[in-house]
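S.K.: let me see the structure of the following:
(one chain, ligands or ions: 1)
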Amino acid sequence: MMRNIVAGNWKSNKSINESREWMSEMSNLEGSMPKDVRVIVAPPAPYLAALAEVKPSNVILASQTVSATGSGAYTGEFTADMLTSCGVEFALIGHSERRGGYGETDEVVVDKISRCIEAGLGVVLCCGEPLEVRDSGGHEEMIARQLDSAMNNLSDVDPSKFVIAYEPIWAIGTGRTATSEQAGEMHTFIRSWLSDKFSQERANQISILYGGSCKPSNADELFANANVDGGLIGGASLKTEDFSQIIKAASK
Ligand code: 13P
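M.R.: Here you go, the predicted model:
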């Protein structure tokens, strides 16, 4: 299984027509894309089923969120099974914008992960510290706590369906990227946490992505770290020109 992944998170951006246009541009670029990088994109949920019909074969669809429950009387929620039935293969879980703004607590993260695993939906588990934690030197401790809590119930994971994204909150949408050294340190820390939790072999199979103001101009440097397996890209995933350059940078 290849560890290199570039994932786009469009957040609440694009119309359905713009989304279709993005897929058609990615289809035109498909032949020039490296074969050793998995490409994932998370468009707004209302477009997912339609985009599954038009996406190029090398693009994997993800949802930006998923319900912590199964089916039933949960107005507005959509379940992991609904997503897989629409051709979606992954869900982002624990994004800082969901933790911060929509009550995605550690407990909710745990429930969402189990729903995904039950449904066979892949997980992109996001973790990351705010600026004050980074400044006071508590970042490793905070990430360990987030991972401990999210994966407490898991004795193993399928590395083709479980991805970790380290997204320092102070680097998201701010233009202030973590330095290559900061990203390298945290990713090495996460790899070693995974090795303690599972095994060195399993840890070596799990993709760890960096997110936060990653763009064509800094992707090479960030991805040069042995433990940075690619990126979770916000703003720079909206244009296929930028996104495809980042995909090329993730080829190792
Ligand atoms: P930006 O790339 O826009 O900083 O966003 C990162 C992010 O939050 C991806 O999930």
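S.K.: ok, now which ones touch Ser19?
M.R.: Trp10, Pro43, Pro44, Tyr47, Ala50, Leu51 (CB atoms under 8 Å, 6 or more residues apart in numbering). The C-beta positions use only the backbone N, C-alpha and C, and glycine is treated the same way.
S.K.: what's the most distant pair in those residues?
M.R.: Maximum pairwise distance among the contacts of Ser19 (CB to CB): 14.2 Å, between Trp10 and Ala50.
S.K.: close to the ligand: what parts of this protein are there?
M.R.: Contacts of the chain with the ligand, taken as CB under 6 Å from any ligand atom, map to 9, 95, 167, 172-173, 211-214, 232-236.
S.K.: between those residues, which is nearest Val124?
M.R.: Closest to Val124, out of all of the residues of the chain next to the ligand and judged by CB to CB, is Leu232, at 6.9 Å.
S.K.: okay, and the beta partners of the closest one?
M.R.: Ala7, Gly211 (DSSP bridges).
S.K.: so it sits against Ile208, correct?
M.R.: No: counting by CB atoms under 8 Å, Leu232 does not reach Ile208; the two are 10.3 Å apart.
S.K.: joint contacts of these two?
M.R.: With CB under 8 Å, 6+ apart, Leu232 and Ile208 have common neighbours Ala165.
S.K.: give me the pLDDT for Thr84.
M.R.: Per-residue confidence at Thr84 stands at 98 (pLDDT).
S.K.: let me see the contact set for it.
M.R.: Ala119, Gly120, Leu121.
S.K.: surely the first one meets Phe78?
M.R.: This points to Ala119. No: Ala119 is not in contact with Phe78 according to CB under 8 Å; the separation is 11.5 Å.
S.K.: how far away is whichever residue of the stretch 101-250 of the chain sits closest to the ligand from Val41?
M.R.: The minimum distance from the stretch 101-250 of the chain to the ligand, using CB to the nearest ligand atom, falls at Gly234 (2.2 Å). Distance, Gly234 to Val41, using CB to CB, to the nearest Å: 12 Å.
S.K.: what pLDDT does the closest residue to Arg20 other than its chain neighbours get?
M.R.: Beyond its immediate neighbours in the sequence, the residue positioned closest to Arg20 (CB to CB, 6 or more residues apart in numbering) is Val54, lying 6.0 Å away. Looking at Val54, its pLDDT reads 98.
S.K.: swap in Met1?
M.R.: So Met1 comes in at 64 (pLDDT).
S.K.: what of Lys252?
M.R.: Taking Lys252 on its own, its pLDDT is 83.
S.K.: with just CA atoms, put the one helix or strand Phe189 maps to into PDB.
M.R.: Counting by DSSP states H and E, the element that carries Phe189 is helix 180-197. Extracted in PDB, the C-alpha atoms of helix 180-197 (Å, rounded to 0.1, in the frame of the first residue of the first chain):
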ATOM      1  CA  SER A 180       9.700  21.700   7.500                       C
ATOM      2  CA  GLU A 181      11.500  21.000  10.700                       C
ATOM      3  CA  GLN A 182       8.400  21.500  12.900                       C
ATOM      4  CA  ALA A 183       6.400  19.200  10.600                       C
ATOM      5  CA  GLY A 184       9.100  16.600  10.500                       C
ATOM      6  CA  GLU A 185       9.400  16.600  14.300                       C
ATOM      7  CA  MET A 186       5.700  16.200  14.900                       C
ATOM      8  CA  HIS A 187       5.300  13.500  12.200                       C
ATOM      9  CA  THR A 188       8.200  11.500  13.700                       C
ATOM     10  CA  PHE A 189       6.500  11.900  17.100                       C
ATOM     11  CA  ILE A 190       3.200  10.600  15.700                       C
ATOM     12  CA  ARG A 191       4.900   7.700  13.900                       C
ATOM     13  CA  SER A 192       6.600   6.600  17.100                       C
ATOM     14  CA  TRP A 193       3.300   7.000  19.000                       C
ATOM     15  CA  LEU A 194       1.700   4.600  16.400                       C
ATOM     16  CA  SER A 195       4.500   2.200  16.800                       C
ATOM     17  CA  ASP A 196       4.000   2.100  20.600                       C
ATOM     18  CA  LYS A 197       0.300   1.700  20.100                       C
END
